[in-house]
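J.: no sequence for this one, just the structure:
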């Protein structure tokens, strides 16, 4: 990467955003996190899911 190019930033989603995007409840998303199915990060006391982790979660469940 050249020095003058901006570094790509990782996008993070809230539990609500994940739930809305898959048509599920926030409680279901919280269960996925608790059961280790979806990786979440605590950032300043807030729970966030990275775009990469969300994509991996979706790919692992494609066709189920």
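T.: Alright, I've got the coordinates. Keep in mind that this is a model prediction, so the values were computed, not measured.
J.: Please make it C-alpha for all contacts and neighbour counts, starting now.
T.: OK.
J.: Hmm, residue 40 and residue 54 touching each other?
T.: No: with contact defined as CA atoms under 8 Å, residue 54 does not reach residue 40; the gap is 9.0 Å.
J.: So in this protein, where's the weakest helix or strand by average pLDDT?
T.: For the chain, scoring each helix and strand by mean pLDDT, DSSP states H and E identifies strand 41-43 as the least confident one, at a mean of 91.
J.: Need the three-state assignment for the residue nearest to residue 57 when sequence neighbours are not counted.
T.: Leaving aside its chain neighbours, residue 57 sits nearest to residue 38 (5.9 Å; criterion: CA to CA, 6 or more residues apart in numbering). The three-state assignment at residue 38 reads coil, by DSSP: H, G, I helix; E, B strand; the rest coil.
J.: show me what contacts residue 38?
T.: Residue 38 sits next to 29, 32, 53, 54, 57 when contact means CA atoms under 8 Å, 6 or more residues apart in numbering.
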